[in-house]
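Enquirer: Okay, predicted coordinates and the sequence, questions at the end:
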Amino acid sequence: MINYLVVALGAAFGGVFRFWINELIVKILPGNFPYGTLAANMIGGFIIGIVIFVFDSFGALTDTMKLLVVIGFCGGLTTFSAFSVETLHQIMSSNYTTAFMNIMLNVLLSLAATSIGLLISIAIKSSKILG
């Protein structure tokens, strides 16, 4: 039962953070493109990359922390369902270029952010900063 509560707590914080990111990005980059969702997916990918490839590889992450951060927080933060609905809205509005850009940018930049987390973990491991 405690695992469910840990995931729920992480998801609550992740969801609030996602909402804050979206509100901030809309003020900075107004327009038709869902930049807030893109930013949340990139940040979530980066956090997952750092957490899994740095902390978990050093054994510095308990199962409870993985549930809290990876499943809960990042699950609440990343927005695949919002991404899907926003993409469909673009398609239904005949904004095919925007829909295609949304798909490509979310997938490629989220993968890139996670890869950056991996590269940072390799640099940390090779420099012996954490171990």
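Expert: Thanks, I have the structure now. Residues are numbered from 1 along each chain as shown.

Enquirer: Can you tell me the centre-most residue of the chain?
Expert: Per CA atoms, centre = their mean, the C-alpha nearest to the average position across the chain is that of Gly44, at 1.6 Å.

Enquirer: Which secondary structure element is home to that one?
Expert: Applying DSSP states H and E as the criterion places Gly44 in helix 35-50.

Enquirer: List the contacts of the helix or strand just after that helix.
Expert: Using DSSP H and E, the helix or strand that follows helix 35-50 towards the C-terminus is helix 63-66. Residues outside helix 63-66 that contact it (CB atoms under 8 Å, 6 or more residues apart in numbering): Ile2, Asn3, Val6, Val51, Phe55, Asp56. Using the backbone N, CA and C atoms, a C-beta is placed for each residue, glycine as well.

Enquirer: List the contacts of the closest residue to Ala12 other than its chain neighbours.
Expert: Sequence neighbours aside, Gly76 is the residue nearest to Ala12 in space, at 6.6 Å (criterion: CB to CB, 6 or more residues apart in numbering). Neighbour list for Gly76: Gly10, Ala11, Ala12, Phe13, Gly14, Gly15, Val16, Phe17, Arg18 [criterion: CB under 8 Å, 6+ apart].

Enquirer: I'd like the residues you listed written out as a markdown table, with distance to Leu38, neighbour count and pLDDT added.
Expert: Formatted as a markdown table, these follow (distance: CB to CB, whole Å; neighbours: other CB atoms under 10 Å; pLDDT from 0 to 100):
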| residue | distance to Leu38 | neighbour count | pLDDT |
| --- | --- | --- | --- |
| Gly10 | 22 | 23 | 96 |
| Ala11 | 20 | 18 | 96 |
| Ala12 | 22 | 13 | 98 |
| Phe13 | 20 | 15 | 97 |
| Gly14 | 16 | 24 | 96 |
| Gly15 | 17 | 17 | 96 |
| Val16 | 19 | 12 | 97 |
| Phe17 | 15 | 18 | 97 |
| Arg18 | 12 | 23 | 95 |
